[in-house]
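> quick one: sequence and predicted model below, then my questions.
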Amino acid sequence: MRVFATSLKPGLKRREIMLSLTHVSRQFERASSPVIDDLSLNITNGASVSVRGASGCGKSTLLALMAGLDAPDSGDITVGNATLTRLPPTALDDFRKNQLGMIYQQFNLLDCFNVWDNIAFTARLKGNYVSSRQQSLMRKMGIEHLADAPLGQLSGGEQQRVAICRALNHEPALVLADEPTGNLDEATSDKVASALFDICQNTSTTLVVVTHSADVARLADAEYQLHNGKLHPVQDDGQ
Ligand SMILES: Nc1ncnc2c1ncn2[C@@H]1O[C@H](COP(=O)(O)OP(=O)(O)O)[C@@H](O)[C@H]1O
Ligand SMILES: [Mg+2]
């Protein structure tokens with residue numbers, strides 16, 4: 001089922017394509033075959049997609065391509081009106097700063113800042129920092145009480161939720177989440193994943209989630225399996 005929220009990002013119309021990959025391939029040096037192989041995908045504005053697949057099948061590589069952090073050997077990647085594969089580096093930096101929320105598999109938080117300042121980072125960089133919005137985000141992720149904590153005191157699961165808040169705090173148009181609940185117990189995973197999908201749906205933010213969890217994958221409008229460099233739709237069995 002596809003769900004379309006009503007509040008749309010500026011410049012994009014309802015049901016317009018937000019993220020488009022066209023015949024994208026990526027092969028690393030010394031690898032015998034491409035990890036992403038002639039892959040095409042369209043995601044409409046405000047929709048959510050989940051991607052599952054075996055370890056090493058290329059899920060993080062796919063997200064890095066969508067983020068413009070890596071470039072394909074061939075094919076085009078377009079986000080909104082910008083073709084990432086043809087943007088000059090400064091425009092690519094602006095795209096990531098203004099449009100993209102990235103939840104890295106390894107978190108990539110800033111050790112020298114406390115929790116609050118880590119989460120504030122993206123919004124301060126973009127220039128749309130609002131402390132009440134940040135507070136509400138942290139409450140939804142169950143980490144409001146950790147605002148002043150140094151990163152070194154946090155568990156993996158707490159750091160993961162800091163990374164999620166940071167990726168949402170500047171109200172990006174596109175959120176790419178790499179195993180965002182991989183460090184959480186089942187109950188917390190359910191709560192955090194639901195909050196992530198709800199926030200994105202309510203703000204018409206396009207969401208791509210890589211996950212090993214069938215329960216998390218099922219929350220998405222469209223489910224895919226990455227195998228042999230291509231995305232295969234997963235049929236909803238209704239369970
Ligand atoms: N920068 C890189 N250089 C060379 N090989 C890489 C690089 N990044 C990933 N790979 C290889 O590409 C494959 C897919 O990696 P990755 O995208 O991290 O998989 P997944 O996230 O699905 O576990 C793996 O075989 C990995 O070793
Ligand atoms: Mg990975």
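Received the coordinates, thanks. Numbering: from 1, shown residues only. Ligands and ions are numbered 1, 2, ... in the order given.

> please count neighbours and contacts with C-alpha atoms only from this point.
OK.

> hmm, Gly46 is touching Gln201, no?
Yes. Between Gly46 and Gln201 there is a contact under CA atoms under 8 Å: 6.4 Å.

> neighbour count for those two, which is higher?
Per other CA atoms under 10 Å, whichever of Gly46 and Gln201 has more neighbours is Gly46, with 30 against 20.

> got the phi and psi for that one?
Dihedral pair for Gly46: phi 90, psi 0, per degrees, to the nearest 10.

> per-residue pLDDT, it?
Note on Gly46: pLDDT of 94.

> and this structure, which of its residues are near ligand 1?
28, 35, 55-61 (CA under 6 Å from any ligand atom).

> what's the local residue count around Gln159?
So Gln159, with other CA under 10 Å, has 21 neighbours.

> contacts only, for the residue most central in space within the chain.
Nearest to the geometric centre of the chain sits Leu176, at 1.3 Å (CA atoms, centre = their mean). Contacts for Leu176 (CA atoms under 8 Å, 6 or more residues apart in numbering) come out as 63, 67, 100-103, 207-209.

> make it 10 Å
Residues counted as contacts of Leu176 (CA atoms under 10 Å, 6 or more residues apart in numbering) are 49, 60, 63-64, 66-67, 100-104, 167, 206-210.

> equivalent analysis for Gln225, please.
Counted by CA under 10 Å, 6+ apart, Gln225 has contacts 50-54, 57, 59, 210, 217, 231-234.
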